[in-house]
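**Q** Predicted model follows, preceded by the sequence.
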Amino acid sequence: MTYSFTVGEKYLLLLGGRKPNANWIGQVLPQKKIWAVDRGLELCRDCNVVPSFILGDGDSASEAVWQWGKKLGVPVALYPTAKDFTDTQLALDELADREPNAFGLLVGAFGGRFDHAYSTIFSAASSKVPVCLADERELLTYVRNGESLSFALKDGEISPTAVSLLPLDDMCVGVTTTGLYWPLRDAALTNRLPTAISNKMTGKNFSVSVAEGCLAVYICFVE
């Protein structure tokens, strides 16, 4: 599965979760500035890719990988392991400071520990630059406060197994969808009892809009 985005300069942030399929990552690497966030540096070495920036506290990538990264001659921001913020949170803040018009694609955000995924999902939602979490199996992005999202399959692409709407605020109101088996019209969704789970596409595209609140749109391609 491939994705195309039309907002901002594209940055690819490689994180330390589940490594993507080699064919998929090969399709998304071009035309993006690559940041390696701690164990994401391992993926750079595996793909023989030189990142433009390395960031982290060095507690998840191996020492051999860090030594490889330091020899690349690119900027490195090394943080202490005893800190308040996660490496991903630091990377998102750094990206917003350096390139406020950027768009960040977070790869390696899925899999691994639940608390890391939970932190990343909410941190990305509050990021000062728009971001999306993705690999060949899953995608998660956000719509908020009057925004709308459209998703379309290209010819030959397989329809997702599930489309779920996850309210990240106490209440998301005015939620409207088209192109899904169970449509919503001006609905209110609460994070205390998420109910808009495991919907399905009825055709080649769907759309989601929300009047107020932050809504995560989760798309599963492979379970």
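**A** Nice, I can see it. Quantities reported herein were computed from a predicted structural model and do not represent experimental measurements.
**Q** State the three-state secondary structure for D115.
**A** Assigned by DSSP: H, G, I helix; E, B strand; the rest coil, the conformation of D115 is helix.
**Q** Alpha carbons of the helix or strand containing Y142, as PDB, please.
**A** In this structure, Y142 is located in strand 138-144 according to DSSP states H and E. Taking only C-alpha atoms (Å, rounded to 0.1, in the frame of the first residue of the first chain), the coordinates of strand 138-144 have been written out as PDB:
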ATOM      1  CA  GLU A 138      -1.700   0.200   9.400                       C
ATOM      2  CA  LEU A 139      -2.300   3.900   9.000                       C
ATOM      3  CA  LEU A 140      -3.500   6.500  11.500                       C
ATOM      4  CA  THR A 141      -4.100  10.100  10.900                       C
ATOM      5  CA  TYR A 142      -6.200  13.000  12.300                       C
ATOM      6  CA  VAL A 143      -9.000  15.300  11.600                       C
ATOM      7  CA  ARG A 144     -10.100  18.100  13.900                       C
END
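**Q** Need the residues that contact that strand.
**A** Outside of strand 138-144, the residues that reach it under the criterion CB atoms under 8 Å, 6 or more residues apart in numbering are 1, 3, 109-110, 121, 124-125, 130-134, 149, 168, 208-210, 213-222. C-beta here means a position set from N, CA and C on the backbone, and glycine is covered the same way.
**Q** So which of those residues are in helices?
**A** Helix and strand membership here follows DSSP state H; of these, those in helices are 121, 124-125.
**Q** Quick one: which of these is the most crowded by neighbours?
**A** A124 (25 neighbours; other CB atoms under 10 Å).
**Q** and that residue, what is it in contact with?
**A** By CB under 8 Å, 6+ apart, the contact list for A124 reads 88, 92, 104, 106, 109, 131, 133, 142.
**Q** Then the fourth one would be within a helix, right?
**A** No: counting by three-state DSSP, L106 is not part of a helix but strand.
**Q** So which helix or strand of this protein has the lowest pLDDT on average?
**A** With mean pLDDT, DSSP states H and E as the measure, the helix or strand of the chain carrying the lowest mean pLDDT is helix 22-28 (a mean of 86).
**Q** Adjacent strands (with direction) for whichever helix or strand comes after that one?
**A** From helix 22-28 onward toward the C-terminus, using DSSP H and E, the following helix or strand is strand 33-37. According to DSSP bridges, strand 33-37 has the following sheet partners: strand 9-14 (parallel), strand 53-56 (parallel).
**Q** Compile the ones you listed into a markdown table and extend it with columns for mean neighbour count.
**A** As requested, these are exported to a markdown table (neighbours: other CB atoms under 10 Å):
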| stretch | mean neighbour count |
| --- | --- |
| strand 9-14 | 22 |
| strand 53-56 | 24 |
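**Q** If I average pLDDT within each of those, which one is lowest?
**A** Per-segment confidence across those bottoms out at strand 9-14, which has a mean of 88 in mean pLDDT.
**Q** With only the CA atoms kept, save it in CSV.
**A** As requested, C-alpha coordinates have been extracted for strand 9-14 and formatted as CSV (Å, rounded to 0.1, in the frame of the first residue of the first chain):
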residue,chain,number,x,y,z
GLU,A,9,7.6,19.4,2.9
LYS,A,10,7.7,15.7,3.6
TYR,A,11,9.8,14.4,6.5
LEU,A,12,10.1,10.7,7.2
LEU,A,13,10.6,10.0,11.0
LEU,A,14,11.8,6.4,11.5
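**Q** Thank you, goodbye.
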